[in-house]
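Engineer: Build me a structure from this.
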Amino acid sequence: MTDTGPEPDLRFVLSIDQGTTSTRAVVFNYAGEPVGSGQKEHSQHFPQAGWVEHDAVEIWRNTREVIGLALADADINRHSLAAVGITNQRETTVVWDRATGEPVHPAIVWQDTRTQRICDELAGDAGPDRYKDRVGLPLATYFSGPKIRWILQNVDGAAQRAEAGELLFGTMDTWLIWNLTGGVRGGVHVTDVTNASRTMLMNIDTLDWNEEIASEMGIPVSMLPQIRSSSELYGYGRRESLLIDTPITGILGDQHAATFGQACFAPGQGKNTYGTGNFMLMNTGEEIVRSENGLLTTVAYQLGEQKPVYALEGSIAVTGSLVQWLRDNLGLISSAPEVETKAKRVADTGGAYIVPAFSGLFAPYWKPDARGVIVGLTSFINQFHLCRAALESTAYQSAEVVEAMNADAGDELVELKVDGGMVVNETLMQFQADVLGVDVVRPKVIETTALGAAYAAGLAVGFWESTDDVVANWAEDTRWTPTTDAEERSALLAGWRRAVTRSFDWASPEA
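Structural biologist: Numbers count the residues shown, from 1 in each chain. Alright, predicted model coming up:
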(Lines give C-alpha, C1' and ligand atoms only; values in the text may rest on other atoms or scores of the structure.)
Protein backbone atom coordinates (compact mmCIF):
# COMPACT_ATOMS: atom_id res chain seq x y z
CA MET A 1 0.00 0.00 0.00
CA THR A 2 1.38 3.41 -0.92
CA ASP A 3 1.54 6.35 1.45
CA THR A 4 -1.67 8.00 0.27
CA GLY A 5 -5.08 8.44 1.80
CA PRO A 6 -5.20 11.30 4.31
CA GLU A 7 -4.96 14.91 3.28
CA PRO A 8 -1.39 15.87 2.32
CA ASP A 9 -0.48 18.02 5.33
CA LEU A 10 -1.57 15.39 7.88
CA ARG A 11 0.53 12.50 6.66
CA PHE A 12 1.50 10.73 9.87
CA VAL A 13 0.33 9.39 13.23
CA LEU A 14 2.51 9.47 16.34
CA SER A 15 2.45 6.59 18.79
CA ILE A 16 3.77 6.88 22.36
CA ASP A 17 4.75 3.44 23.68
CA GLN A 18 5.34 3.68 27.42
CA GLY A 19 6.82 0.32 28.37
CA THR A 20 8.22 -1.38 31.44
CA THR A 21 11.86 -0.57 30.73
CA SER A 22 11.69 2.36 28.31
CA THR A 23 9.50 4.91 26.59
CA ARG A 24 9.40 5.19 22.81
CA ALA A 25 7.72 7.46 20.34
CA VAL A 26 7.24 6.22 16.78
CA VAL A 27 5.95 8.09 13.72
CA PHE A 28 3.95 5.91 11.29
CA ASN A 29 2.83 6.65 7.75
CA TYR A 30 -0.39 5.53 6.06
CA ALA A 31 1.13 2.17 5.09
CA GLY A 32 1.79 1.44 8.77
CA GLU A 33 5.53 1.83 8.31
CA PRO A 34 7.72 3.50 10.96
CA VAL A 35 9.43 6.59 9.56
CA GLY A 36 10.96 8.04 12.73
CA SER A 37 11.45 7.08 16.36
CA GLY A 38 13.01 7.99 19.67
CA GLN A 39 13.56 5.84 22.74
CA LYS A 40 14.87 6.31 26.27
CA GLU A 41 15.18 3.86 29.15
CA HIS A 42 14.06 4.75 32.66
CA SER A 43 15.41 3.51 35.97
CA GLN A 44 14.19 0.33 37.62
CA HIS A 45 14.01 0.53 41.42
CA PHE A 46 13.98 -2.55 43.67
CA PRO A 47 13.77 -1.21 47.24
CA GLN A 48 12.94 -4.63 48.73
CA ALA A 49 12.67 -8.21 47.56
CA GLY A 50 9.57 -8.47 45.38
CA TRP A 51 9.16 -4.68 45.09
CA VAL A 52 9.48 -2.97 41.69
CA GLU A 53 9.04 0.79 41.31
CA HIS A 54 9.30 3.48 38.63
CA ASP A 55 9.62 7.24 38.92
CA ALA A 56 6.52 8.54 37.13
CA VAL A 57 8.02 12.03 36.83
CA GLU A 58 11.09 10.59 35.10
CA ILE A 59 8.81 8.72 32.69
CA TRP A 60 6.87 11.90 31.90
CA ARG A 61 10.15 13.76 31.32
CA ASN A 62 11.38 10.97 29.03
CA THR A 63 8.09 10.99 27.14
CA ARG A 64 8.52 14.63 26.19
CA GLU A 65 12.08 13.95 25.09
CA VAL A 66 11.30 10.95 22.89
CA ILE A 67 8.45 12.83 21.18
CA GLY A 68 11.00 15.40 20.09
CA LEU A 69 13.46 12.71 19.00
CA ALA A 70 10.83 10.92 16.92
CA LEU A 71 9.66 14.09 15.18
CA ALA A 72 13.24 15.07 14.43
CA ASP A 73 14.07 11.58 13.14
CA ALA A 74 11.06 11.73 10.81
CA ASP A 75 12.02 15.29 9.82
CA ILE A 76 8.56 16.63 10.59
CA ASN A 77 6.81 18.73 13.23
CA ARG A 78 3.42 18.46 14.92
CA HIS A 79 1.67 20.06 11.95
CA SER A 80 2.17 16.82 9.98
CA LEU A 81 0.46 14.69 12.65
CA ALA A 82 -3.15 13.64 12.17
CA ALA A 83 -3.37 12.15 15.68
CA VAL A 84 -1.52 10.71 18.66
CA GLY A 85 -2.04 7.27 20.19
CA ILE A 86 -0.79 5.97 23.52
CA THR A 87 0.02 2.42 24.58
CA ASN A 88 1.42 1.50 27.95
CA GLN A 89 2.54 -1.00 30.53
CA ARG A 90 -0.84 -1.75 31.97
CA GLU A 91 -1.27 -2.44 35.68
CA THR A 92 1.53 -0.13 36.86
CA THR A 93 -0.09 2.24 39.34
CA VAL A 94 0.41 5.97 39.93
CA VAL A 95 -1.39 8.06 42.56
CA TRP A 96 -0.81 11.80 42.42
CA ASP A 97 -2.00 15.12 43.83
CA ARG A 98 -4.46 16.76 41.45
CA ALA A 99 -3.40 20.26 42.58
CA THR A 100 0.38 19.87 42.30
CA GLY A 101 0.78 16.99 39.87
CA GLU A 102 3.23 15.31 42.23
CA PRO A 103 2.98 11.54 42.77
CA VAL A 104 2.50 10.65 46.44
CA HIS A 105 4.60 7.49 46.02
CA PRO A 106 6.75 5.92 43.30
CA ALA A 107 4.75 4.06 40.67
CA ILE A 108 4.19 0.44 41.70
CA VAL A 109 5.01 -1.74 38.70
CA TRP A 110 2.87 -4.62 37.47
CA GLN A 111 5.58 -7.13 38.46
CA ASP A 112 5.56 -5.96 42.10
CA THR A 113 4.38 -8.54 44.67
CA ARG A 114 4.07 -6.44 47.83
CA THR A 115 0.26 -6.62 47.76
CA GLN A 116 0.04 -10.38 48.32
CA ARG A 117 -1.20 -9.96 51.89
CA ILE A 118 -3.86 -7.49 50.71
CA CYS A 119 -4.98 -9.98 48.06
CA ASP A 120 -5.19 -12.75 50.65
CA GLU A 121 -7.24 -10.55 52.99
CA LEU A 122 -9.63 -9.57 50.20
CA ALA A 123 -9.98 -13.18 49.08
CA GLY A 124 -11.01 -14.36 52.55
CA ASP A 125 -13.13 -17.49 52.57
CA ALA A 126 -14.32 -16.82 49.01
CA GLY A 127 -10.83 -17.44 47.59
CA PRO A 128 -8.90 -15.64 44.83
CA ASP A 129 -11.83 -15.85 42.39
CA ARG A 130 -14.02 -13.67 44.63
CA TYR A 131 -14.42 -10.94 42.00
CA LYS A 132 -13.68 -12.94 38.85
CA ASP A 133 -17.28 -13.13 37.57
CA ARG A 134 -17.53 -9.35 37.70
CA VAL A 135 -14.06 -8.26 36.56
CA GLY A 136 -12.66 -11.27 34.67
CA LEU A 137 -9.58 -11.47 36.88
CA PRO A 138 -8.43 -13.42 39.94
CA LEU A 139 -7.18 -11.59 43.00
CA ALA A 140 -3.46 -11.28 42.33
CA THR A 141 -0.63 -8.84 42.97
CA TYR A 142 -0.50 -8.25 39.20
CA PHE A 143 -3.48 -5.91 39.09
CA SER A 144 -3.91 -2.23 40.01
CA GLY A 145 -6.68 -2.26 42.62
CA PRO A 146 -4.62 -3.83 45.43
CA LYS A 147 -1.71 -1.53 44.55
CA ILE A 148 -3.93 1.54 45.03
CA ARG A 149 -5.04 0.15 48.38
CA TRP A 150 -1.43 -0.39 49.44
CA ILE A 151 -0.53 3.24 48.64
CA LEU A 152 -3.55 4.59 50.53
CA GLN A 153 -2.72 2.41 53.53
CA ASN A 154 1.02 3.09 53.62
CA VAL A 155 1.50 6.74 52.62
CA ASP A 156 0.81 9.11 55.51
CA GLY A 157 -2.45 10.97 55.01
CA ALA A 158 -3.10 9.46 51.58
CA ALA A 159 -6.39 7.78 52.49
CA GLN A 160 -7.78 11.01 53.95
CA ARG A 161 -6.60 13.05 50.96
CA ALA A 162 -8.17 10.54 48.60
CA GLU A 163 -11.50 10.72 50.44
CA ALA A 164 -11.31 14.51 50.20
CA GLY A 165 -10.93 14.29 46.42
CA GLU A 166 -7.35 15.54 46.40
CA LEU A 167 -5.72 12.49 44.81
CA LEU A 168 -6.01 10.90 41.38
CA PHE A 169 -5.19 7.37 40.25
CA GLY A 170 -4.07 6.24 36.85
CA THR A 171 -2.21 3.60 34.94
CA MET A 172 0.54 5.05 32.77
CA ASP A 173 -1.81 5.97 29.91
CA THR A 174 -3.85 8.12 32.30
CA TRP A 175 -0.76 9.73 33.81
CA LEU A 176 0.64 10.67 30.39
CA ILE A 177 -2.62 11.97 28.93
CA TRP A 178 -3.29 14.05 32.05
CA ASN A 179 0.13 15.67 31.65
CA LEU A 180 -0.02 15.98 27.85
CA THR A 181 -3.38 17.77 28.02
CA GLY A 182 -2.35 20.34 30.62
CA GLY A 183 -1.77 18.56 33.94
CA VAL A 184 -2.73 20.84 36.82
CA ARG A 185 -4.05 23.33 34.24
CA GLY A 186 -7.04 21.28 33.13
CA GLY A 187 -5.49 17.94 32.27
CA VAL A 188 -7.95 15.28 31.09
CA HIS A 189 -8.35 12.38 33.54
CA VAL A 190 -9.31 9.38 31.39
CA THR A 191 -8.41 5.78 30.63
CA ASP A 192 -9.69 3.31 28.09
CA VAL A 193 -11.58 0.05 28.53
CA THR A 194 -8.49 -2.11 28.03
CA ASN A 195 -6.50 -0.50 30.82
CA ALA A 196 -9.56 -0.25 33.06
CA SER A 197 -10.12 -3.97 32.62
CA ARG A 198 -6.75 -4.58 34.35
CA THR A 199 -7.57 -2.78 37.60
CA MET A 200 -9.95 -5.35 39.16
CA LEU A 201 -12.35 -2.43 39.52
CA MET A 202 -14.23 -2.42 36.18
CA ASN A 203 -17.32 -4.50 35.46
CA ILE A 204 -16.28 -6.62 32.50
CA ASP A 205 -19.79 -6.67 31.03
CA THR A 206 -20.97 -3.07 31.52
CA LEU A 207 -17.55 -1.33 31.28
CA ASP A 208 -18.05 0.92 34.29
CA TRP A 209 -16.47 1.09 37.73
CA ASN A 210 -17.77 -1.38 40.28
CA GLU A 211 -18.40 0.83 43.30
CA GLU A 212 -18.89 -2.14 45.64
CA ILE A 213 -15.47 -3.61 44.87
CA ALA A 214 -13.85 -0.18 45.08
CA SER A 215 -15.42 0.31 48.49
CA GLU A 216 -14.22 -3.09 49.70
CA MET A 217 -10.70 -2.15 48.61
CA GLY A 218 -10.98 1.24 50.32
CA ILE A 219 -10.66 3.17 47.07
CA PRO A 220 -12.80 6.32 46.58
CA VAL A 221 -14.38 6.28 43.13
CA SER A 222 -13.50 10.00 42.83
CA MET A 223 -9.86 8.93 42.34
CA LEU A 224 -10.66 6.87 39.26
CA PRO A 225 -10.44 8.19 35.69
CA GLN A 226 -13.35 8.31 33.30
CA ILE A 227 -13.55 5.12 31.23
CA ARG A 228 -13.63 5.74 27.48
CA SER A 229 -13.35 3.63 24.35
CA SER A 230 -9.95 2.82 22.80
CA SER A 231 -10.45 5.07 19.77
CA GLU A 232 -12.01 8.52 20.19
CA LEU A 233 -11.03 12.11 20.94
CA TYR A 234 -9.84 12.50 24.54
CA GLY A 235 -8.24 15.93 24.31
CA TYR A 236 -5.49 17.97 22.68
CA GLY A 237 -1.83 18.37 23.42
CA ARG A 238 -0.90 21.51 25.35
CA ARG A 239 2.26 23.56 25.72
CA GLU A 240 3.72 21.06 28.21
CA SER A 241 4.68 18.93 25.19
CA LEU A 242 5.62 19.36 21.53
CA LEU A 243 2.09 18.32 20.57
CA ILE A 244 0.23 21.62 20.95
CA ASP A 245 -3.33 21.30 19.58
CA THR A 246 -2.68 17.77 18.23
CA PRO A 247 -5.63 15.44 18.92
CA ILE A 248 -4.96 12.52 21.24
CA THR A 249 -7.37 9.85 19.99
CA GLY A 250 -6.10 6.36 20.80
CA ILE A 251 -5.42 4.41 24.00
CA LEU A 252 -4.67 0.70 24.24
CA GLY A 253 -2.86 -1.26 26.92
CA ASP A 254 0.32 -2.66 25.43
CA GLN A 255 -0.84 -6.22 24.83
CA HIS A 256 -4.17 -5.09 23.42
CA ALA A 257 -2.31 -2.70 21.12
CA ALA A 258 -0.13 -5.55 19.86
CA THR A 259 -3.25 -7.63 19.19
CA PHE A 260 -4.71 -4.70 17.26
CA GLY A 261 -1.47 -4.11 15.36
CA GLN A 262 -1.38 -7.79 14.39
CA ALA A 263 -4.85 -7.37 12.83
CA CYS A 264 -6.42 -10.01 15.11
CA PHE A 265 -9.96 -8.80 14.51
CA ALA A 266 -11.80 -12.11 14.10
CA PRO A 267 -12.71 -14.53 16.90
CA GLY A 268 -10.04 -17.19 17.25
CA GLN A 269 -7.22 -14.99 16.01
CA GLY A 270 -4.43 -14.26 18.48
CA LYS A 271 -0.84 -13.22 19.02
CA ASN A 272 2.02 -13.66 21.47
CA THR A 273 4.18 -10.69 22.45
CA TYR A 274 7.72 -11.37 23.65
CA GLY A 275 8.88 -8.52 25.85
CA THR A 276 9.74 -8.09 29.51
CA GLY A 277 7.16 -10.82 29.98
CA ASN A 278 5.11 -12.75 27.44
CA PHE A 279 1.46 -12.04 26.80
CA MET A 280 -0.81 -14.06 24.56
CA LEU A 281 -4.25 -12.80 23.60
CA MET A 282 -6.96 -14.57 21.62
CA ASN A 283 -9.91 -12.61 20.24
CA THR A 284 -13.25 -14.06 21.42
CA GLY A 285 -15.41 -11.47 19.65
CA GLU A 286 -18.30 -9.85 21.48
CA GLU A 287 -18.60 -12.94 23.70
CA ILE A 288 -17.18 -12.92 27.23
CA VAL A 289 -15.39 -16.27 27.67
CA ARG A 290 -14.68 -17.08 31.30
CA SER A 291 -11.58 -19.22 31.60
CA GLU A 292 -11.52 -22.50 33.47
CA ASN A 293 -7.81 -23.04 32.79
CA GLY A 294 -5.97 -20.18 34.47
CA LEU A 295 -6.41 -17.48 31.83
CA LEU A 296 -7.77 -13.95 32.17
CA THR A 297 -10.87 -12.46 30.57
CA THR A 298 -10.13 -8.98 29.30
CA VAL A 299 -11.38 -6.34 26.86
CA ALA A 300 -9.39 -6.60 23.63
CA TYR A 301 -10.50 -3.16 22.33
CA GLN A 302 -13.50 -0.94 21.71
CA LEU A 303 -13.72 1.41 18.73
CA GLY A 304 -15.79 4.48 19.52
CA GLU A 305 -19.42 3.60 20.17
CA GLN A 306 -19.12 0.09 18.73
CA LYS A 307 -19.59 -2.92 20.97
CA PRO A 308 -16.50 -4.02 22.89
CA VAL A 309 -14.45 -6.96 21.64
CA TYR A 310 -13.21 -9.38 24.29
CA ALA A 311 -10.20 -11.67 24.60
CA LEU A 312 -8.68 -14.45 26.64
CA GLU A 313 -5.20 -13.65 27.88
CA GLY A 314 -2.31 -15.70 29.19
CA SER A 315 0.17 -13.52 31.08
CA ILE A 316 3.74 -14.64 31.81
CA ALA A 317 5.75 -12.45 34.16
CA VAL A 318 9.37 -13.19 33.22
CA THR A 319 10.72 -13.87 29.73
CA GLY A 320 12.80 -11.04 28.26
CA SER A 321 13.65 -9.88 31.78
CA LEU A 322 15.29 -13.29 32.35
CA VAL A 323 17.79 -12.36 29.63
CA GLN A 324 18.39 -9.04 31.42
CA TRP A 325 18.97 -11.04 34.63
CA LEU A 326 21.61 -13.16 32.90
CA ARG A 327 23.29 -9.93 31.79
CA ASP A 328 22.92 -7.67 34.83
CA ASN A 329 22.87 -10.10 37.78
CA LEU A 330 24.99 -13.03 36.62
CA GLY A 331 27.21 -11.38 34.01
CA LEU A 332 26.89 -14.36 31.65
CA ILE A 333 26.31 -12.06 28.68
CA SER A 334 27.24 -8.46 27.97
CA SER A 335 24.24 -7.65 25.75
CA ALA A 336 20.83 -9.20 25.11
CA PRO A 337 21.66 -10.43 21.56
CA GLU A 338 24.61 -12.37 22.96
CA VAL A 339 22.25 -14.86 24.62
CA GLU A 340 21.44 -16.34 21.22
CA THR A 341 25.09 -16.42 20.17
CA LYS A 342 25.95 -18.46 23.26
CA ALA A 343 22.81 -20.61 23.12
CA LYS A 344 23.72 -21.73 19.59
CA ARG A 345 27.03 -23.11 20.85
CA VAL A 346 25.17 -26.16 22.19
CA ALA A 347 22.53 -28.43 20.66
CA ASP A 348 20.37 -28.55 23.80
CA THR A 349 20.38 -27.58 27.46
CA GLY A 350 22.03 -30.76 28.68
CA GLY A 351 18.93 -31.49 30.73
CA ALA A 352 18.91 -28.16 32.58
CA TYR A 353 15.75 -26.07 32.98
CA ILE A 354 15.32 -22.51 34.29
CA VAL A 355 11.92 -21.68 35.79
CA PRO A 356 12.03 -17.87 36.24
CA ALA A 357 9.34 -17.51 38.91
CA PHE A 358 10.96 -14.36 40.28
CA SER A 359 7.57 -12.87 41.18
CA GLY A 360 5.70 -16.13 41.49
CA LEU A 361 4.03 -17.79 38.51
CA PHE A 362 1.32 -16.12 36.43
CA ALA A 363 -0.79 -18.03 33.87
CA PRO A 364 -1.79 -20.77 33.96
CA TYR A 365 -0.66 -21.54 37.53
CA TRP A 366 -1.21 -18.30 39.51
CA LYS A 367 1.11 -19.35 42.33
CA PRO A 368 2.40 -16.27 44.14
CA ASP A 369 4.58 -18.36 46.46
CA ALA A 370 6.58 -19.95 43.63
CA ARG A 371 10.17 -18.77 43.19
CA GLY A 372 12.75 -19.22 40.47
CA VAL A 373 14.71 -22.46 40.21
CA ILE A 374 17.43 -23.95 38.02
CA VAL A 375 17.15 -27.74 37.92
CA GLY A 376 18.95 -30.58 36.21
CA LEU A 377 22.41 -29.21 36.94
CA THR A 378 25.40 -31.53 36.48
CA SER A 379 29.11 -30.89 36.12
CA PHE A 380 28.55 -31.04 32.35
CA ILE A 381 26.39 -27.87 32.33
CA ASN A 382 28.14 -24.64 31.29
CA GLN A 383 27.17 -21.05 30.53
CA PHE A 384 26.04 -21.96 27.03
CA HIS A 385 23.55 -24.51 28.33
CA LEU A 386 22.17 -21.91 30.77
CA CYS A 387 21.76 -19.34 28.00
CA ARG A 388 19.87 -21.90 25.95
CA ALA A 389 17.75 -22.89 28.97
CA ALA A 390 16.82 -19.23 29.46
CA LEU A 391 15.54 -18.98 25.89
CA GLU A 392 13.74 -22.30 26.05
CA SER A 393 11.95 -21.32 29.27
CA THR A 394 10.21 -18.55 27.33
CA ALA A 395 8.97 -21.06 24.74
CA TYR A 396 7.87 -23.58 27.38
CA GLN A 397 5.88 -21.00 29.32
CA SER A 398 4.16 -19.87 26.12
CA ALA A 399 3.37 -23.47 25.19
CA GLU A 400 1.54 -23.97 28.49
CA VAL A 401 -0.53 -20.86 27.84
CA VAL A 402 -1.42 -22.13 24.36
CA GLU A 403 -2.55 -25.43 25.88
CA ALA A 404 -4.82 -23.56 28.32
CA MET A 405 -6.15 -21.33 25.54
CA ASN A 406 -6.97 -24.32 23.35
CA ALA A 407 -8.88 -25.90 26.24
CA ASP A 408 -10.91 -22.75 26.97
CA ALA A 409 -11.61 -21.96 23.32
CA GLY A 410 -12.46 -25.58 22.46
CA ASP A 411 -10.27 -25.43 19.38
CA GLU A 412 -6.62 -25.96 18.43
CA LEU A 413 -4.22 -23.18 17.53
CA VAL A 414 -3.19 -23.52 13.88
CA GLU A 415 -0.44 -20.90 13.81
CA LEU A 416 0.98 -18.32 16.21
CA LYS A 417 1.56 -14.68 15.26
CA VAL A 418 4.45 -13.24 17.25
CA ASP A 419 5.86 -9.79 17.93
CA GLY A 420 8.01 -7.88 20.40
CA GLY A 421 11.71 -7.45 20.90
CA MET A 422 12.62 -11.13 21.38
CA VAL A 423 11.22 -12.33 18.06
CA VAL A 424 14.44 -11.30 16.29
CA ASN A 425 15.93 -14.32 18.09
CA GLU A 426 15.79 -17.03 15.42
CA THR A 427 16.81 -19.80 17.82
CA LEU A 428 13.97 -18.97 20.20
CA MET A 429 11.40 -18.75 17.40
CA GLN A 430 12.38 -22.13 15.97
CA PHE A 431 12.22 -23.75 19.39
CA GLN A 432 8.83 -22.12 19.97
CA ALA A 433 7.52 -23.75 16.80
CA ASP A 434 9.04 -27.06 17.88
CA VAL A 435 7.39 -27.20 21.31
CA LEU A 436 4.05 -25.95 19.96
CA GLY A 437 3.92 -28.17 16.91
CA VAL A 438 2.53 -25.30 14.81
CA ASP A 439 4.01 -22.60 12.58
CA VAL A 440 5.25 -19.39 14.18
CA VAL A 441 4.81 -16.26 12.04
CA ARG A 442 6.62 -12.94 12.41
CA PRO A 443 5.24 -9.84 10.63
CA LYS A 444 7.41 -7.32 8.78
CA VAL A 445 6.70 -4.72 11.48
CA ILE A 446 7.52 -6.49 14.74
CA GLU A 447 6.89 -3.50 17.01
CA THR A 448 3.16 -4.00 16.69
CA THR A 449 2.44 -2.48 20.11
CA ALA A 450 3.26 1.04 18.94
CA LEU A 451 1.59 0.34 15.60
CA GLY A 452 -1.66 -0.80 17.24
CA ALA A 453 -1.95 2.43 19.22
CA ALA A 454 -1.29 4.39 16.04
CA TYR A 455 -4.08 2.51 14.24
CA ALA A 456 -6.54 3.16 17.08
CA ALA A 457 -5.70 6.88 16.99
CA GLY A 458 -5.80 7.12 13.21
CA LEU A 459 -9.15 5.34 12.91
CA ALA A 460 -10.73 7.88 15.25
CA VAL A 461 -9.88 10.79 12.92
CA GLY A 462 -10.38 9.01 9.60
CA PHE A 463 -6.67 8.70 8.80
CA TRP A 464 -7.48 5.04 8.21
CA GLU A 465 -11.08 4.38 7.21
CA SER A 466 -11.62 0.97 8.81
CA THR A 467 -9.90 -2.08 10.21
CA ASP A 468 -9.79 -3.39 6.62
CA ASP A 469 -6.92 -0.94 6.08
CA VAL A 470 -5.10 -2.48 9.05
CA VAL A 471 -5.54 -5.97 7.62
CA ALA A 472 -4.28 -4.76 4.23
CA ASN A 473 -1.16 -3.29 5.83
CA TRP A 474 -0.20 -6.47 7.73
CA ALA A 475 2.50 -8.48 5.95
CA GLU A 476 4.33 -11.69 6.82
CA ASP A 477 8.09 -11.57 7.15
CA THR A 478 9.33 -14.95 8.44
CA ARG A 479 7.71 -18.29 9.21
CA TRP A 480 9.15 -21.09 11.35
CA THR A 481 7.85 -24.64 10.89
CA PRO A 482 8.23 -27.38 13.55
CA THR A 483 11.17 -29.76 13.13
CA THR A 484 10.49 -32.08 16.08
CA ASP A 485 8.13 -35.05 16.18
CA ALA A 486 5.31 -35.50 18.68
CA GLU A 487 7.28 -37.91 20.89
CA GLU A 488 10.23 -35.56 21.32
CA ARG A 489 7.90 -32.63 21.92
CA SER A 490 6.04 -34.52 24.62
CA ALA A 491 9.30 -35.49 26.37
CA LEU A 492 10.56 -31.89 26.38
CA LEU A 493 7.32 -30.57 27.85
CA ALA A 494 7.21 -33.32 30.46
CA GLY A 495 10.66 -32.30 31.65
CA TRP A 496 9.58 -28.69 31.82
CA ARG A 497 6.51 -29.52 33.90
CA ARG A 498 8.63 -31.48 36.37
CA ALA A 499 10.90 -28.46 36.67
CA VAL A 500 7.95 -26.11 37.26
CA THR A 501 6.70 -28.20 40.19
CA ARG A 502 10.06 -27.67 41.91
CA SER A 503 9.33 -23.94 42.09
CA PHE A 504 6.06 -24.33 44.01
CA ASP A 505 5.51 -23.36 47.67
CA TRP A 506 8.92 -21.78 48.07
CA ALA A 507 8.24 -18.32 49.49
CA SER A 508 7.06 -18.04 53.06
CA PRO A 509 3.72 -16.24 53.66
CA GLU A 510 5.61 -13.21 54.97
CA ALA A 511 7.93 -12.99 51.93
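
Engineer: Just give me the neighbour total for residue 484.
Structural biologist: When neighbours are defined as other C-beta atoms under 10 Å, residue 484 has 17 of them. C-beta: built from backbone N, CA, C; applies to glycine.

Engineer: Next: residue 406.
Structural biologist: For residue 406, the count of nearby residues is 14 (other C-beta under 10 Å).

Engineer: which residues does it contact?
Structural biologist: By C-beta atoms under 8 Å, 6 or more residues apart in numbering, the contact set of residue 406 is 412, 413.

Engineer: How about residue 389?
Structural biologist: Shown in contact with residue 389 (C-beta under 8 Å, 6+ apart): 349, 352, 353, 354, 374.

Engineer: Quick check: of those, which has the highest neighbour count?
Structural biologist: Using other C-beta under 10 Å as the contact criterion, the top neighbour count among the contacts of residue 389 goes to residue 354, which has 26 neighbours.

Engineer: residues contacting that residue?
Structural biologist: Neighbour list for residue 354: 322, 372, 373, 374, 386, 389, 390, 393 [criterion: C-beta under 8 Å, 6+ apart].

Engineer: Show me the contacts of residue 389 that map onto helices.
Structural biologist: Applying DSSP state H to the contacts of residue 389, no entry is found in helices.

Engineer: ok, so of the residues you listed, who is nearest residue 107?
Structural biologist: Using C-beta to C-beta, the shortest approach to residue 107 within these belongs to residue 354, at 28.5 Å.

Engineer: mind listing the helices for the stretch 51-200 of the chain?
Structural biologist: For the stretch 51-200 of the chain, the helices defined by DSSP state H, counting those that start in this stretch occupy 56-74, 116-123, 132-135, 144-154, 158-163, 172-180, 193-196.

Engineer: Most tightly packed of the ones you listed?
Structural biologist: Using mean count of other C-beta atoms under 10 Å, the stretch among the helices of the stretch 51-200 of the chain with the greatest mean number of neighbours is helix 193-196 (a mean of 29).

Engineer: The residue sitting furthest away from the middle of the chain is in what secondary structure piece?
Structural biologist: Going by C-alpha atoms, centre = their mean, the residue of the chain most distant from its centre is residue 379, 38.2 Å out. Secondary structure from DSSP states H and E places residue 379 outside every helix and strand.

Engineer: Could you report the neighbour count for the closest residue to residue 257 other than its chain neighbours?
Structural biologist: If the residues on either side of it in the chain are set aside, residue 257 comes closest to residue 452, at 3.4 Å by C-beta to C-beta, 6 or more residues apart in numbering. Burial of residue 452 is recorded as 33 neighbouring residues (other C-beta under 10 Å).

Engineer: Phi first, then psi, for residue 452.
Structural biologist: For residue 452, the backbone dihedrals (degrees, to the nearest 10) come out as phi -60, psi -40.

Engineer: Can you give me the distance of it to residue 119?
Structural biologist: 30 Å (C-beta to C-beta, to the nearest Å).

Engineer: What average pLDDT does stretch 312-332 get?
Structural biologist: Stretch 312-332 comes out with an average pLDDT of 90.

Engineer: Also stretch 39-55?
Structural biologist: 92.

Engineer: Then stretch 433-453?
Structural biologist: The predicted confidence, averaged over stretch 433-453, sits at 90.

Engineer: what residues are up against residue 40?
Structural biologist: Counted by C-beta under 8 Å, 6+ apart, residue 40 has contacts 22, 23, 62, 65, 66, 69.

Engineer: The second one: which element?
Structural biologist: Looking back up the chat, that one is residue 23. Assessed by DSSP H and E, residue 23 sits inside strand 22-28.

Engineer: buried ones in the following helix or strand past that strand?
Structural biologist: Using DSSP H and E, the helix or strand that follows strand 22-28 towards the C-terminus is strand 34-41. Applying a neighbour-count criterion of 16 or more other C-beta atoms under 10 Å, the buried positions in strand 34-41 are 34, 35, 36, 37, 38, 39, 40.

Engineer: ok, which pair from those is furthest apart?
Structural biologist: 35 and 40 (19.1 Å).

Engineer: okay, and for the stretch 401-511 of the chain, where does confidence drop off?
Structural biologist: By pLDDT under 70, the weakly predicted segments of the stretch 401-511 of the chain are 508-511.

Engineer: do that again at 90, thanks
Structural biologist: Confidence mapping of the stretch 401-511 of the chain against pLDDT under 90 gives the ranges 405-416, 419-422, 438, 444-448, 474-475, 505-511.
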